[in-house]
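*Asks:* Test case, fold it:
(chains A and B)
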Number of protein chains: 2
Amino acid sequence: MSLKLTGGIILATGENGEFQVLEGSCICIEDKYIKYIGPDRDAPECDAEKDMRGMILMPGLVNAHGHGPMTLLRGVGGGLALQEWLETAIFPIEAKLTPKDIEIGERWAVMEMLAGGTTCVSEMYDFPEATWEVLKGSGIKGNVCRVGLSFSETEEIPKNRFNECVNIVKNLKDDDDRVISEFCLHSEYLTNEGFVRKIVEANKSLHTNINVHVSETRREHEECKQRHGGLTPIGYLDKMGILDENTYAAHCVWVEDSDIEIMKEKKVSPVFNPSSNCKLASGFAPIDKMLEKGLNVAIGTDGCASNDNLNMFEELHLGSLLIKNKASDATVLNAGQVLKMATVNGARALGRTDTGELKVGKRADIIAVSMDKPHMYPAFDIMNLLVYSAQASDVVMTMVDGKILYENGIYKTIDAEKARFEMKDAIARIY
Amino acid sequence: MSLKLTGGIILATGENGEFQVLEGSCICIEDKYIKYIGPDRDAPECDAEKDMRGMILMPGLVNAHGHGPMTLLRGVGGGLALQEWLETAIFPIEAKLTPKDIEIGERWAVMEMLAGGTTCVSEMYDFPEATWEVLKGSGIKGNVCRVGLSFSETEEIPKNRFNECVNIVKNLKDDDDRVISEFCLHSEYLTNEGFVRKIVEANKSLHTNINVHVSETRREHEECKQRHGGLTPIGYLDKMGILDENTYAAHCVWVEDSDIEIMKEKKVSPVFNPSSNCKLASGFAPIDKMLEKGLNVAIGTDGCASNDNLNMFEELHLGSLLIKNKASDATVLNAGQVLKMATVNGARALGRTDTGELKVGKRADIIAVSMDKPHMYPAFDIMNLLVYSAQASDVVMTMVDGKILYENGIYKTIDAEKARFEMKDAIARIY
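*Replies:* The predicted structure follows:
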């Protein structure tokens, strides 16, 4: 089955790796792949055509740091600082959650993400098997892990937890690599050296990604230095031998220049979480410096309890504006850079080289953004329009691996009525 | 004609001036006014009822600083710093605009604003008569002015310009005070002392507002101090006798503690423009300090060439997040404060005491925000939900003075097809 998307404005990736805005062109999709992007006149015949006039066709967005099931905790503890927020508002609720709740919360998250143009997400949360099932069933792409935690080296928990981490990586396998299982180290402050060493050792044969929180708050960053003879979280993780191109590090708010050098050398991908960092007043990540050094910076929403949504268009917008102002330089984090962060960089961070760009041979992970509303006209610069004018609600179609999962408010793979009913039921039960 | 809005969650204002979230209540509207807010059982009979289940009813948003016709320049010169942006990208296009262009651009702006829940706007731009006509015709509320400029005291322009400023205030009168004409001083740096004195003198008998740009950039702020013996823009305007409760000051990014004291004493309303200040990298306005001092802080979008939209929900969201992070304090600019800034504070800044709140006796300027989409559930805290989760596209109804101007994509007072045709025609003509 082949499909031709015609009449749209296409945000393709050129031979040089830079975005190209194409008009009078079409995209041909065969099975899961992009087979052709170029002028209509040279396009091959396809089994079907879809008229995309008045829309921008762009790569699906990659949410490179999330905790999807936290839709169940949307807005809980709003206005509190990180530590108090976690201890008084979040942890008591989380302690009650069951695998069924996780399934329900993740499905609700996937609905929000698909409607806003996200085609791939990194999920770090309890009961990853439940998350895995929802991702598989919905058709979206995602990375899942068992959260790697070890409060003390002498307790029984770390061993069980370690085995659970390994089992997730070993047992959850998708022939198609649409959903990927990977390792996670929650952070320097919630793992001990023994645990970290075991994960590093295990990954020598399993070859997957490691998802880790790094230097989210100043306190965490400074306490790490006290604990580890002046080593920052990045310095410590480097010493432990974790850092390589398969590691992606959320937040990186308080990383120092020397940390950026290490991340560059070891090809670690930092993940920027603008809304969450602002809402919890954690600080401004030095994203402009990271980009200047050539790091593969991605973007994520974080959990929607500290955001309070999973709206990647908002992250693009906020992220760009925030760093321009912090750097006192209107030219940094331009629209093209930010769009890359949310697409191809995110894909690379999540260990995916076959998506994140509209290019022949890549997976057909494509979204359509309508230019119909007043705020989307005039459209002098498509990339500026996407970053500074668009809303997530302008997304009218979300396609993953050539399959339309969402279109004009309709979910093709999710029973939205049932999902809503179950979500309301879960909220009533939990609270 | 009376109308009852039933079944919605109501963001009313209580006797103490604070927001109250009401359920099981309704709003009754008679002619232009709110006649009743309270429990359904005590509500008076009305001629008609409208079912607002699944929606939040809140005061319409007040965009307290805009340059509406700049929709014609949306996204022009993206990524440039303020001065270069103005001189190379904006001014050459603006020089070409005709009153007909202004009419077309303003109508397009009003469409975007109504769709996003804005019920009142402050407009500062050329050809204010054209803007006035569009505001009058569309049913939205607004303040308009002739931009007060006087580059040199010896030129002929200032006198003409002064007369034009006065004529706008004298000649554009609306019996209903729905559209208000007022004075404007562009800024300290684009007006001379003679001109400022004439405006102050004229306003002694005309008793309207004065709309002014203050300390938007560091350069402007520092150059003012050099020109005026150390006086900041606020200090200078104070010396000139302009500052009182009828003055509202856009940007205020570089105001100093002493300026905040003066604004407090003189009851000047500062207007925060988060997106524009970030996009042009102008700096972070000390909004947390202003609120702490009890200033009547309002919010605006600025022109959509430096934004690039007129989305007040984005301003609420960005404004709150930005200042929390800048202040390293997650508790500042909470959702309730930000919602006040965008409603009642904005109304007060624009000299309007009869709107900006849902309260008996106030004008019925009401919007309905749908809670239907996944990102709007769960809804533990309605104010948090509006600021941190909602998108402008969640607005499903916009009512001004008891009249529905926009509902579910339909404009009741604007021929949207014609407006779009004219906009496209104008863009083709200008560029």
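*Asks:* Relative to chain B, how far out is A:C304?
*Replies:* As judged by C-beta to the nearest C-beta, to the nearest Å, A:C304 and chain B stand 8 Å apart. Every residue, glycine included, has its C-beta placed from N, CA and C.
*Asks:* That residue and A:P69 touch, don't they?
*Replies:* No: look at A:C304 against A:P69 with C-beta atoms under 8 Å: they stay out of range, at 9.6 Å.
*Asks:* residues shared between the contacts of these two?
*Replies:* By C-beta atoms under 8 Å, 6 or more residues apart in numbering or on different chains, A:C304 and A:P69 have these common neighbours: A:A109.
*Asks:* what is the mean pLDDT for stretch A:272-284?
*Replies:* Taken as a whole, stretch A:272-284 carries a mean pLDDT of 96.
*Asks:* What of stretch A:212-220?
*Replies:* Average pLDDT, stretch A:212-220: 97.
*Asks:* quick one: contacts of that stretch?
*Replies:* By C-beta under 8 Å, 6+ apart, the list of residues contacting stretch A:212-220 reads A:82-83, A:184-189, A:221, A:224, A:232-234, A:237, A:242, A:247-255, A:259, A:270, A:277, A:280, A:282-283.
*Asks:* now for the helix or strand of chain A with the lowest mean pLDDT, which elements pack on it?
*Replies:* For chain A, using mean pLDDT, DSSP states H and E, the weakest element among its helices and strands is helix A:82-84, scoring a mean of 77. Identification of packing neighbours for helix A:82-84 by 3 or more C-beta pairs under 8 Å, 6 or more residues apart in numbering or on different chains; DSSP states H and E yields no helix or strand.
*Asks:* ok, 10 Å please
*Replies:* Applying 3 or more C-beta pairs under 10 Å, 6 or more residues apart in numbering or on different chains; DSSP states H and E, we find helix A:82-84 packed against helix A:218-227, helix A:274-279.
*Asks:* Pick the most buried one from those.
*Replies:* Counting by mean count of other C-beta atoms under 10 Å in any protein chain shown, helix A:274-279 has the highest mean neighbour count of the helices and strands packed on helix A:82-84, with a mean of 27.
*Asks:* could you show me where the strands are in the stretch 301-431 of chain A, in order?
*Replies:* A:366-370, A:395-400, A:403-407, A:410-411 (DSSP state E, counting those that start in this stretch).
*Asks:* so what secondary structure elements neighbour the second one?
*Replies:* Translated: strand A:395-400. Counting by 3+ C-beta pairs under 10 Å, 6+ apart, strand A:395-400 packs on strand A:2-6, strand A:55-59, helix A:99-115, strand A:118-124, strand A:366-370, strand A:403-407.
*Asks:* got TSV for these, with mean pLDDT, mean neighbour count and distance to A:H65 too?
*Replies:* As requested, those are exported to TSV (pLDDT from 0 to 100; neighbours: other C-beta atoms under 10 Å in any protein chain shown; distance: least, C-beta to C-beta, whole Å):
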stretch	mean pLDDT	mean neighbour count	distance to A:H65
strand A:2-6	98	21	30
strand A:55-59	98	26	18
helix A:99-115	98	26	13
strand A:118-124	98	29	6
strand A:366-370	99	24	20
strand A:403-407	98	21	21
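*Asks:* Out of those, the one nearest chain B is which?
*Replies:* helix A:99-115 (4.0 Å; C-beta to the nearest C-beta).
*Asks:* who's in contact with stretch A:79-89?
*Replies:* A:73, A:75-78, A:90-91, A:94, A:216-217, A:219-220, A:276-277, A:279-282, A:305-306, B:320, B:324, B:328-336, B:381, B:383-384, B:388 (C-beta atoms under 10 Å, 6 or more residues apart in numbering or on different chains).
*Asks:* picking that back up, would you list the helices and strands packed on strand A:395-400 in TSV and tack on distance to chain B?
*Replies:* Output for those, formatted as TSV (distance: least, C-beta to the nearest C-beta, whole Å):
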stretch	distance to chain B
strand A:2-6	21
strand A:55-59	14
helix A:99-115	4
strand A:118-124	12
strand A:366-370	11
strand A:403-407	11
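*Asks:* circling back: now, the contacts of stretch A:212-220 that are in strands?
*Replies:* A:C184, A:L185, A:T247, A:Y248, A:A249, A:A250, A:H251, A:P270 (DSSP state E).
*Asks:* Pick the one among those residues closest to chain B.
*Replies:* Distance to chain B across the ones in strands among the contacts of stretch A:212-220 (C-beta to the nearest C-beta) is lowest for A:H251, with 12.8 Å.
*Asks:* The closest one: what's it in contact with?
*Replies:* A:65, A:187, A:212-217, A:220-221, A:233, A:270-273, A:276-277, A:282-283, A:285, A:300, A:302.
*Asks:* Swap in 7 Å and give it another go.
*Replies:* A:H213, A:V214, A:S215, A:E216, A:N273, A:N277, A:A285 (C-beta atoms under 7 Å, 6 or more residues apart in numbering or on different chains).
*Asks:* ok, residues contacting stretch A:14-33?
*Replies:* By C-beta under 7 Å, 6+ apart, stretch A:14-33 touches A:2-6, A:9-13, A:34-40, A:43-44, A:46, A:57, A:336, A:339, A:358, A:361, A:363-364, A:366, A:382-383, A:401-402.
*Asks:* Take these and, keeping just the buried ones, write it as a PyMOL select command.
*Replies:* In PyMOL syntax, the buried subset of those is picked out as below (16 or more other C-beta atoms under 10 Å in any protein chain shown):
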select buried, chain A and resi 2+3+4+5+6+9+10+11+12+13+34+35+36+37+38+43+46+57+336+339+358+363+364+366+382+383+401+402
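*Asks:* so which residue of the stretch 151-300 of chain A comes closest to chain B?
*Replies:* At 3.5 Å from chain B, A:C278 is the closest residue in the stretch 151-300 of chain A, using C-beta to the nearest C-beta.
*Asks:* Just list the residues touching the residue lying closest to A:E103 once chain neighbours are set aside, thanks.
*Replies:* In space, and not counting its chain neighbours, A:E103 is closest to A:A130: 4.3 Å by C-beta to C-beta, 6 or more residues apart in numbering or on different chains. Residues in contact with A:A130 (C-beta under 7 Å, 6+ apart) are A:P99, A:I102, A:E103, A:E106.
*Asks:* Now render the ones in strands among the contacts of stretch A:212-220 as a markdown table, adding distance to B:N143.
*Replies:* Formatted as a markdown table, the ones in strands among the contacts of stretch A:212-220 follow (distance: C-beta to C-beta, whole Å):
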| residue | distance to B:N143 |
| --- | --- |
| A:C184 | 54 |
| A:L185 | 56 |
| A:T247 | 54 |
| A:Y248 | 49 |
| A:A249 | 49 |
| A:A250 | 45 |
| A:H251 | 43 |
| A:P270 | 45 |
